[in-house]
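Trainee: Below is the sequence, then the predicted model.
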Amino acid sequence: MAPGPSRSAARGIFLDQGTNLCSLHRQADSQPLRQQGSPEQKSWCSGTWEKRTPHMRLQLVWPLQSPGSFSIAGHQVLRISVADEAQVQMVKELEDLEHLQLDFWRGPAQPGSPIDVRVPFPSIQAVKVFLEARGIRYAVMIEDVQSLLDEEQEQMFASQSWARSTNTFNYATYHTLEEIYDFMDMLAAEHPQLVSKLQIGRSYEGRPIYVLKFSTGGNNRPAIWIDTGIHSREWVTQASGVWFAKKITQDYGQDPAFTAILDNMDIFLEIVTNPDGFAFTHSKNRMWRKTRSLTSGSTCIGVDPNRNWDAGFGKAGSSSNPCSDTYRGKFANSEVEVKSIVDFVKDHRNIKAFISIHSYSQLLLYPFGYKTESPADKDELDQVAKSAVEALTSLYGTKFKYGSIITTIYQASGGTIDWTYNQGIKYSFTFELRDTGRYGFLLPASQIIPTAQETWLALLTIMEHTLNHPY
Amino acid sequence: MQLRRQPLPAPRPGDPDPAAPLLVLLLLLALQGAAAAPAGPGEPEDSGWRQDAEFPRGLLSQAARAALHFFNFRASSPSALRVLAEVQEGRAWINQKKEYKVDLVFTTELYNPEEGKEHLGKCSARVFFRNEKPRPAINITCTRLIEKKTRQEEDYRLYKYMKQLKNLLDVVSIPDSHGHIDPSLRPIWDLAFLGSSYVMWEKTTQFLHYYMAQLSSVKQWKTNEDAIDFDYTVLLHEFSTQEMIPCHIHLVWYPGKPLKVKYHCQELQTPEEASGTEEGSAVAPTELSNF
């Protein structure tokens, strides 16, 4: 009883009502669903199914095959409760009636398991009559699938990029937090041997903080850390982080130099280092920089996460004013977004390069920011920076300057890489990506990929150097 | 000689070209040799200046930016706006009041670069930073980047285009969150940048420098008179404090005439004014500039 071709049309419109349909797909011993279960279908479920909003959300898993010819106006979703095995068989008979064009979301299994089926408008009468005549109980879950879709359509299409795999994901546009988190899940599902998603903490407002781990094995190998988006308005950085993640999965096994790196070291990539701030840049204020923590005694919100680290904390180069965009916080590591990384680094103990990515200004910087004294490894860091910048410039001619933070950009205390360097992570660098002020934080999306591509060459230089100079 | 203190004739149609005083000044500067080798140490006319061999590394860039903002404002030409390409050389002197005098040479490129064409201009400037007080004094000469006739024609073309624009009051946030500027609104952005240049020149010190981050709203757009009367708000990004400063700017522009600008910017937050970093309330311009 092969499924008819008509069944393939609207496959996989999943209802998120708090019911986790995904667990059903993964039940090995349930009746196989009549729809083809593809890896993408399963991977879609594997991570993205947190209960999000109280509203019902319909999300197309993959595009309708012939959008023009397919209409779901008036379609209903019924939940059928079968009382005994006989009734299960009856519903299976129903399933075989191809002319009804039923779309079983949850197929007939055994008594006690609800059966969910989308019924096209012309078949509603017939199906209800069929069930009622046999005394099979059912309830209408969704009265009109189309109107529900209409409601969600604006949001769905507004998000522009509901990709079903990282191959159809649009890297040349800016994404929401949700889209980036979904991307991470897709990537991890597509490359389970290489990529895993770790949660290192929860933001002030309760959002999970994720790090992607890229590893080809070993046990706590020496590692490279890359973070983007610590300052939420620097959108080209999170966008580049997404691109780096994909690039890693593409180049491993293809590019010999990179393969050597990943065969010997792990890479940790935190794409949205400040998720609360990032969400705020989408919802309310595109120019928000800091975290969103409340400060007692002030109506101003947020701490500059790049002034909150325990390196020269409180010294000149940060502000004590909670309303300032460089407010350092009440004490070092007061921000959970910072503390989560601190804890991770301290627990790992084997991170050898730490790269924190910002925009804008087109600079590659090494410690220190809080003092003029040069780091002990200044000459080596300067050489590495020089080579990295040369590699970057070689692609599109983008000019970068390099040097220590304090001499190249400004005095800044409590900064990330000052702390990591003081922890013994010698190859600690900060990037400031494009541009130099024409668009600043509002860098046109068309520049995302070129920016990520050129930056990647610089990252490779640093990673290679780290690999070849173990310490 | 402080260029900015020269009183400007009120532009009227049929006026003699008010750029004439500017030309005279440029000639004088050229004669002074400010374009060529910097003056030797211990210049006779400037007492109290001693050369600072260890000036802060960013000082030359600060000076270049201030000089360029001033230059753009003075040129009053939205089609010929320039940005800093690279500082080539510079020297600095410091006096007892901790004021800086900076001589420098730098290259510029067009704010609106043309595809494939690299226009690289060269400027030399002398900039006086008055120890964190605003309004650095500027003398600047630049090589011509665009033929004068071309520039005038382009300005006039922009002027005619802008004259027929309507319904700009619902314009908000240029560029948008994704960095996009609608091509039809690009001239508005350029004109806003021109007005902001005046503001950014005045506010630049040896420590503070600005970029125009976003045109946040258009309050008024009047073209019924000859000139374009443009009242708008911008967000300026101050780099060392990383603050976003909302400014309300009102400019009047007519091609070939000097730009007239009034503005009021929100003060940087103090502990007492703990009101978050949303846009400031609209305030009537109180700071007189050259109206």
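Mentor: Received the coordinates, thanks. Residues are numbered from 1 along each chain as shown, chains lettered A, B, ... in the order given.
Trainee: Write out the residues of the stretch 151-300 of chain A neighbouring chain B.
Mentor: A:173-174, A:235, A:281-282, A:285-289, A:298-300 (CB under 8 Å from any CB of the partner chain). The way it works is simple: take the backbone N, C-alpha and C, and place the C-beta from them, glycine included.
Trainee: Separate out the buried members of those.
Mentor: Neighbour-count burial (16 or more other CB atoms under 10 Å in any protein chain shown) is assigned, among those, to A:174, A:235, A:281, A:282, A:285, A:286, A:287, A:288, A:289, A:300.
Trainee: From those residues, which land in strands?
Mentor: If you go by DSSP state E, these have nothing in strands.
Trainee: Just want the residue of the stretch 51-200 of chain B that's nearest chain A.
Mentor: Minimum separation of the stretch 51-200 of chain B from chain A (CB to the nearest CB) falls at residue B:179, amounting to 3.7 Å.
Trainee: Wait, that residue touches residue A:435, no?
Mentor: No: counting by CB atoms under 8 Å, residue B:179 stays clear of residue A:435, with 9.7 Å between them.
Trainee: Need the residues touching each of the two.
Mentor: Common neighbours of residue B:179 and residue A:435, using CB atoms under 8 Å, 6 or more residues apart in numbering or on different chains, are A:443, A:447.
Trainee: if I look at the closest residue to residue A:190 other than its chain neighbours, how far off is residue A:457?
Mentor: Ranked by CB to CB, 6 or more residues apart in numbering or on different chains and with sequence neighbours excluded, the top spatial neighbour of residue A:190 is residue A:166, at 6.1 Å. For residue A:166, the distance to residue A:457 equals 21 Å [CB to CB, to the nearest Å].
Trainee: the more surrounded of the two?
Mentor: Between residue A:166 and residue A:457, residue A:166 has the larger neighbour count (other CB atoms under 10 Å in any protein chain shown), namely 22 against 16.
Trainee: Would you confirm that that one contacts residue A:189?
Mentor: No: between residue A:166 and residue A:189 there is no contact under CB under 8 Å: 9.3 Å.
Trainee: Near chain A, which residues of the stretch 101-250 of chain B are found?
Mentor: Residues of the stretch 101-250 of chain B lying near chain A (CB under 8 Å from any CB): B:111, B:173, B:175-180, B:211, B:213-214, B:235, B:237, B:239-244.
Trainee: Just the buried ones from these?
Mentor: Here, 16+ other CB under 10 Å leaves B:111, B:175, B:177, B:179, B:211, B:213-214, B:235, B:237, B:239-244 buried among those.
Trainee: Out of those residues, which is nearest to residue A:255?
Mentor: For these, the closest approach to residue A:255 (CB to CB) belongs to residue B:179, at 30.4 Å.
Trainee: Provide a list of residues in contact with residue 234.
Mentor: Chain wasn't specified; assuming chain A. A:358, A:359, A:360, A:433, A:441.
Trainee: um, chain B though
Mentor: Residue B:234 touches B:192, B:196, B:212, B:213, B:214, B:215, B:216, B:246, B:247, B:249, counting by CB under 8 Å, 6+ apart.
Trainee: out of the residues you listed, which are inside helices?
Mentor: Of the contacts of residue B:234, the ones assigned to helices by DSSP state H are B:192, B:196.
Trainee: Redo the contacts of residue B:234 as JSON lines? Include pLDDT.
Mentor: What follows is the contacts of residue B:234, written out as JSON lines (pLDDT from 0 to 100):
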{"residue": "B:192", "pLDDT": "97"}
{"residue": "B:196", "pLDDT": "98"}
{"residue": "B:212", "pLDDT": "98"}
{"residue": "B:213", "pLDDT": "98"}
{"residue": "B:214", "pLDDT": "98"}
{"residue": "B:215", "pLDDT": "97"}
{"residue": "B:216", "pLDDT": "96"}
{"residue": "B:246", "pLDDT": "97"}
{"residue": "B:247", "pLDDT": "98"}
{"residue": "B:249", "pLDDT": "98"}
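Trainee: any chance of the contacts of residue B:234 in JSON lines, plus distance to residue B:141?
Mentor: Below are these laid out as JSON lines (distance: CB to CB, whole Å):
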{"residue": "B:192", "distance to residue B:141": "26"}
{"residue": "B:196", "distance to residue B:141": "23"}
{"residue": "B:212", "distance to residue B:141": "24"}
{"residue": "B:213", "distance to residue B:141": "30"}
{"residue": "B:214", "distance to residue B:141": "32"}
{"residue": "B:215", "distance to residue B:141": "30"}
{"residue": "B:216", "distance to residue B:141": "34"}
{"residue": "B:246", "distance to residue B:141": "34"}
{"residue": "B:247", "distance to residue B:141": "29"}
{"residue": "B:249", "distance to residue B:141": "27"}
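Trainee: Closest one of the contacts of residue B:234 to chain A?
Mentor: Nearest member of these to chain A, counting by CB to the nearest CB, is residue B:213, at 5.3 Å.
Trainee: The closest one contacts residue A:443, doesn't it?
Mentor: No: contact criterion CB under 8 Å: residue B:213 and residue A:443 do not qualify, at 11.4 Å.
Trainee: returning to that earlier point: turn the contacts of residue A:234 into a markdown table, columns for secondary structure and pLDDT.
Mentor: Shown next, in a markdown table, are these (DSSP: H, G, I helix; E, B strand; the rest coil; pLDDT from 0 to 100):
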| residue | secondary structure | pLDDT |
| --- | --- | --- |
| A:358 | strand | 98 |
| A:359 | strand | 97 |
| A:360 | coil | 97 |
| A:433 | strand | 98 |
| A:441 | coil | 98 |
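Trainee: Check which helix or strand residue A:183 maps to.
Mentor: Assigned by DSSP states H and E, residue A:183 belongs to helix A:177-190.
Trainee: Work out the gap between that helix and the centre of the chain.
Mentor: 5 Å (CA atoms, centre = their mean, to the nearest Å).
Trainee: Name the residues that touch the following helix or strand past it?
Mentor: Counting by DSSP H and E, the element after helix A:177-190 in chain order, helix or strand, is strand A:195-202. By CB under 8 Å, 6+ apart, the residues outside strand A:195-202 that reach it are A:47, A:184-185, A:187-188, A:208-215, A:245, A:248-249, A:268, A:270, A:336-337, A:339-341, A:343-344.
Trainee: Tell me the strands beside strand A:195-202, with direction?
Mentor: Counting by DSSP bridges, the strands paired with strand A:195-202 are strand A:208-214 (antiparallel).
Trainee: May I have the helix or strand that the strand it pairs with is followed by exported as PDB, CA atoms only?
Mentor: Per DSSP H and E, the first helix or strand lying C-terminal to strand A:208-214 is strand A:223-228. Only the C-alpha atoms of strand A:223-228 are listed here, as PDB (Å, rounded to 0.1, in the frame of the first residue of the first chain):
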ATOM      1  CA  ALA A 223      41.700  23.900  21.500                       C
ATOM      2  CA  ILE A 224      40.900  27.100  19.700                       C
ATOM      3  CA  TRP A 225      38.200  29.400  21.000                       C
ATOM      4  CA  ILE A 226      36.300  31.800  18.800                       C
ATOM      5  CA  ASP A 227      33.500  34.000  19.900                       C
ATOM      6  CA  THR A 228      31.300  36.500  18.000                       C
END
